[in-house]
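> Show me the folded form of this:
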Amino acid sequence: MAINLRKSFKIGKNTRINFSKNGGVGISTGIKGFRISKNRYGVRFTLGGKGVYYTKWFTKKKKKKKNKKIKQDEIIKNVKEEEIVDPETDFERIPSDDEKALLLYLGSHEKNYPLYGLLITLLCLICYLLFKKEFLNYLLVTVNASLLGYYLFHSKMNAYIFKFNRSILLFNKDKLDKTYNLLKKCLVLRPSSEKALILMIFTTFKLEKYDEALAYVKQFKKDNELLEVMYFIKGYANAFLGKYNEGIEAIEKVYSEEDDIRFAKFKILGDCHLGLGNLDKAISWYEELPVRERNMDDDIVEYKYALGKALLLKGNKKRAFTYLSKVYDYQVDYKDVKALMQEI
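Numbers count the residues shown, from 1 in each chain. Model (predicted):
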């Protein structure tokens with residue numbers, strides 16, 4: 001019998017260190033609806049809530065060895081190994097375009113190289129001045145100090161880096177309103193900043209400013225290829241705003257086969273078709289969800305409710321009762337389930 005040891009220790013308000021036999025030592029941090037976890041297998045990013053989640057594994061691609069043929073028995077062995085899926089250790093290979101977002105996902109800060117250069121130069125000049133007190137050395141120190149002061153107080157680059165790094169810190173502390181205000185200033189200073197745009201998309205999405213999130217996705221698209229998570233955000237936001245055709249077009253570009261992402265995709269497609277009045281298509285997408293699960297949780301409740309309501313609108317009260325009654329038993333005040341049960 002396989003033994004899987006797993007321990008978790010909280011080291012901050014939103015951060016934990018995890019120890020497991022398979023994953024080794026890992027760390028996870030984030031806020032409700034936005035979380036990053038990392039171990040020796042890669043990085044996992046999760047975004048969403050209320051029954052619709054986007055989750056993704058990131059890892060660096062392995063370099064292919066040249067002039068080496070893979071034997072047939074090795075291929076069969078690899079296929080057998082891939083059939084065993086462990087959500088804690090298995091992850092999906094990703095396009096290189098998505099890897100550009102890894103630094104942001106991990107909360108890395110912008111490096112202020114001009115400031116570092118000026119500081120190091122000034123330090124070296126001061127040290128040299130202590131040994132040789134000449135007029136030229138005094139002049140060089142004065143000039144360098146003046147350049148440093150000008151850069152600190154008048155440079156747009158320094159202002160952008162300071163505000164952006166501050167916005168990452170605030171985002172990780174779930175202070176989204178302050179993050180939003182800082183990022184707006186960042187985008188005034190550098191409108192085409194890739195990192196600032198990505199973080200602004202996540203921030204507006206978390207603040208449920210869906211119109212703005214879509215506008216920033218459009219702005220990002222002018223100079224960059226959209227990441228898969230951005231198609232997810234576009235699909236979710238458009239569905240919420242009642243732009244169902246746009247929602248379908250966007251969410252269909254999410255191709256991952258991970259269960260969490262597939263279920264999120266099916267849910268959004270069902271919601272969009274329901275909004276368009278295509279009840280048969282909505283029901284068919286909802287039926288792709290794990291609606292037959294007996295163990296109830298918040299996600300399963302959301303899925304059963306969606307299918308039950310669509311069936312009721314279709315006029316199939318018997319099947320609608322099957323799903324809505326489970327929701328009613330689990331949480332009697334869930335949305336309008338009480339009214340729907342009375343109608344049945």
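
> ok, Thr322 - contacts?
Gly308 (CB atoms under 8 Å, 6 or more residues apart in numbering). (Glycine included, C-beta is placed from N, CA and C.)

> Helix, strand, or coil at Thr46?
Put simply, Thr46 is strand when judged by DSSP: H, G, I helix; E, B strand; the rest coil.

> Report the beta-bridge partners for it.
Here Thr46 sits in beta bridges with Arg35, Thr55, as judged by DSSP bridges.

> Lys221 versus that one, what's the distance?
Using CB to CB, to the nearest Å, Thr46 is found at 23 Å from Lys221.

> same question, Gly315
Where Lys221 is concerned, Gly315 sits at a distance of 42 Å (CB to CB).

> Pick out whichever of these two has more residues nearby.
Set side by side, Gly315 and Lys221 show more neighbours around Lys221, with 13 against 8, by other CB atoms under 10 Å.

> Let me see the ranges of the strands in the protein.
For the chain, applying DSSP state E gives strands covering 6-10, 15-20, 24-31, 34-39, 42-49, 52-58.

> surely Tyr210 meets Lys234?
No: Tyr210 is not in contact with Lys234 according to CB atoms under 8 Å; the separation is 9.7 Å.

> Would you mind listing the buried residues in stretch 119-135?
122, 125 (16 or more other CB atoms under 10 Å).

> what comes into contact with that stretch?
Against stretch 119-135 from outside (CB under 8 Å, 6+ apart): 137-138, 140-141, 144-145, 148.

> Now, of the residues you listed, which are buried?
137, 140-141, 144, 148.

> Pull the most distant pair out of these.
The two members of the buried ones among the contacts of stretch 119-135 with the most space between them (CB to CB) are Asn137 and Leu148, at 16.4 Å.

> now the helices for the stretch 151-300 of the chain?
Taking DSSP state H, counting those that start in this stretch as the criterion, the stretch 151-300 of the chain contains helices spanning 156-172, 176-189, 194-206, 210-221, 228-241, 244-251, 259-275, 279-286, 298-314.

> quick one, what contacts the nearest residue to Arg166 once chain neighbours are set aside?
Nearest residue to Arg166 in three dimensions, chain neighbours excluded: Leu182, at 5.8 Å (CB to CB, 6 or more residues apart in numbering). By CB under 8 Å, 6+ apart, Leu182 lies in contact with 163-164, 166-167, 170.

> that older thread, any chance of the helices of the stretch 151-300 of the chain in TSV, plus distance to Leu125 and mean pLDDT?
Compiled in TSV, those are given as follows (distance: least, CB to CB, whole Å; pLDDT from 0 to 100):
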stretch	distance to Leu125	mean pLDDT
helix 156-172	20	89
helix 176-189	30	94
helix 194-206	33	89
helix 210-221	42	94
helix 228-241	47	90
helix 244-251	55	95
helix 259-275	55	90
helix 279-286	67	95
helix 298-314	61	93
